[in-house]
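K.L.:
Build me a model from this:
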Amino acid sequence: MSLILDKVSAQESSKANNAQSNPDAVENKESPLLEVNNLSVKFRMYEKGLRQRELEVITHLDVSIHKGEILAVVGSSGSGKSLLAHAILGILPVNATMAGTLKYEGELLTPRRQKKLRGHEIALVPQSVSYLDPLMRVAKQVRGEQGTQEQQRKAFARFALQEEVGRKFPFQLSGGMARRVLVATAVLGDAKLIIADEPTPGLNPEIAEETMRIFRELADQGCGVMLITHDIDLALKYADRIAVFYAGTTVEVTPVENFLRGEEALRHPYSRALWQALPQNGFHPIAGSQPYAGSILTGCRFAPRCAQISRECAGEVPMRRVGDCEVRCVHAS
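P.N.:
Numbering: from 1, shown residues only. Model (predicted):
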């Protein structure tokens, strides 16, 4: 318990310091840098013969991120976290169809605007190192079109990359080294929104912590950072809010302090189950599994695994404001 309270105290102290160094932070909270409203993503797929069907993998997904904050997106594999990143950047596969609203700095994020901003104002730290160009030397990839050699050297120094790494091709790098190169590439420029998709797996603890400190510095300077991660403990040390995904939708968005204070501060049953599943909280699993993306479900997607299930759960369950969080649950209070 003392460890949790220490973390809460450290978070509040850090945020107080951030507010003093960035007096516009509070004002920025009222104007989201990125807004995702009622997003759905479907894939056209072939069944037997030439018969097609649509597989809905994301539905009614709502999330926002503000200047000056790190939003950690958590949830089990297959819950739609990486697909959200690809939808924002406009790099979904050609067989995907998307509905809903994406806004960046208050304006619609159209395909044309996505192409213009991608890699400049909106940067991606991808999950897979296969995003590196196998035919281009590392230094040139990190610099990109507008970076300088001096910026590249400083980025290399921050991520413990030797100068000789810049002369190599991606296939000559270890997995951890390639991941550090990806992060360096994304943070080198003047991006306003950084989407980091699992940036720390394969990194040793010191480099992982340094990576998160850099994201925190960028947020404190006014960037918005969307951190997609399975490492909840690491996210709790640096994020401002936590968005919990389940079966392709948002079930709760809450201040990070609520996760630190314990399950009683969380509003959605799945958020509480996620908290209970952390090793330091007993590693308690729950029965059942996340529904397959092809399952046709109505109402609450978590209902089959929830002890609070009732008739109301079978109807539409919109996101609503409850206290200091947003939650998709008819029983939340």
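
K.L.:
Give the helix, strand or coil label for residue 54.
P.N.:
At residue 54 the chain is in strand, as set by DSSP: H, G, I helix; E, B strand; the rest coil.

K.L.:
In contact with residue 115, which residues?
P.N.:
Counting by CB atoms under 8 Å, 6 or more residues apart in numbering, residue 115 touches residue 90. (Glycine included, C-beta is placed from N, CA and C.)

K.L.:
how far away is it from residue 304?
P.N.:
To residue 304, residue 115 is 40 Å away according to CB to CB, to the nearest Å.

K.L.:
wait, what's in contact with residue 259?
P.N.:
232, 236, 242, 265-266, 271, 275.

K.L.:
now the helices for the stretch 101-250 of the chain?
P.N.:
With DSSP state H, counting those that start in this stretch as the criterion, the stretch 101-250 of the chain has helices at 111-117, 138-143, 149-158, 175-187, 205-220, 232-238.

K.L.:
Name the residues that touch the third one?
P.N.:
Right, helix 149-158. 139, 142-143, 161-163, 165-166, 184, 187-188, 210, 214.

K.L.:
which of the residues you listed are buried?
P.N.:
Neighbour counting by 16 or more other CB atoms under 10 Å classes 139, 142-143, 161, 165-166, 184, 187-188, 210, 214 among the contacts of helix 149-158 as buried.

K.L.:
what about this protein, any weak spots by pLDDT?
P.N.:
Counting by pLDDT under 70, the chain has low-confidence residues at 1-30, 296.

K.L.:
The residue nearest to the spatial centre of the chain pairs with what?
P.N.:
Nearest to the mean C-alpha position of the chain, by CA atoms, centre = their mean, lies residue 228 at 2.9 Å. Counting by DSSP bridges, residue 228 forms beta bridges with residue 73, residue 197.

K.L.:
where's it relative to residue 302, distance?
P.N.:
Residue 228 sits 20 Å away from residue 302, going by CB to CB.

K.L.:
Residue 277 too?
P.N.:
14 Å.

K.L.:
neighbour count winner among those two?
P.N.:
Of the pair residue 277 and residue 302, residue 302 is the one with more neighbours under other CB atoms under 10 Å, namely 27 against 15.

K.L.:
So which bits of stretch 282-293 are buried?
P.N.:
In stretch 282-293, counting by 16+ other CB under 10 Å, buried: 286, 290-291, 293.

K.L.:
same check, this time on stretch 266-286
P.N.:
266-276, 286.

K.L.:
same thing with stretch 319-333?
P.N.:
Those would be 319, 325-332, for stretch 319-333 by 16+ other CB under 10 Å.

K.L.:
what does stretch 31-46 give?
P.N.:
Quick answer for stretch 31-46 (16+ other CB under 10 Å): 32-36, 39-43.

K.L.:
on that earlier part again, columns distance to residue 108 on top of the contacts of helix 149-158, output as JSON lines?
P.N.:
Listed next are the contacts of helix 149-158 as JSON lines, based on distance: CB to CB, whole Å:
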{"residue": "139", "distance to residue 108": "37"}
{"residue": "142", "distance to residue 108": "32"}
{"residue": "143", "distance to residue 108": "32"}
{"residue": "161", "distance to residue 108": "38"}
{"residue": "162", "distance to residue 108": "44"}
{"residue": "163", "distance to residue 108": "43"}
{"residue": "165", "distance to residue 108": "40"}
{"residue": "166", "distance to residue 108": "39"}
{"residue": "184", "distance to residue 108": "31"}
{"residue": "187", "distance to residue 108": "27"}
{"residue": "188", "distance to residue 108": "28"}
{"residue": "210", "distance to residue 108": "36"}
{"residue": "214", "distance to residue 108": "31"}
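
K.L.:
Go through the residues you listed and say which is closest to residue 83.
P.N.:
Nearest to residue 83 among the contacts of helix 149-158, counting by CB to CB, is residue 187 at 23.2 Å.

K.L.:
Okay, the residue nearest to the closest one when sequence neighbours are not counted and residue 253: tell me how far apart.
P.N.:
Distances taken as CB to CB, 6 or more residues apart in numbering put residue 214 closest to residue 187, at 6.0 Å, once the chain neighbours are dropped. Separation of residue 214 from residue 253 (CB to CB) stands at 24 Å.

K.L.:
Same check on residue 321?
P.N.:
Counting by CB to CB - residue 321 and residue 253 are separated by 10 Å.

K.L.:
Residue 187 too?
P.N.:
For residue 187 relative to residue 253 (CB to CB), the value is 25 Å.
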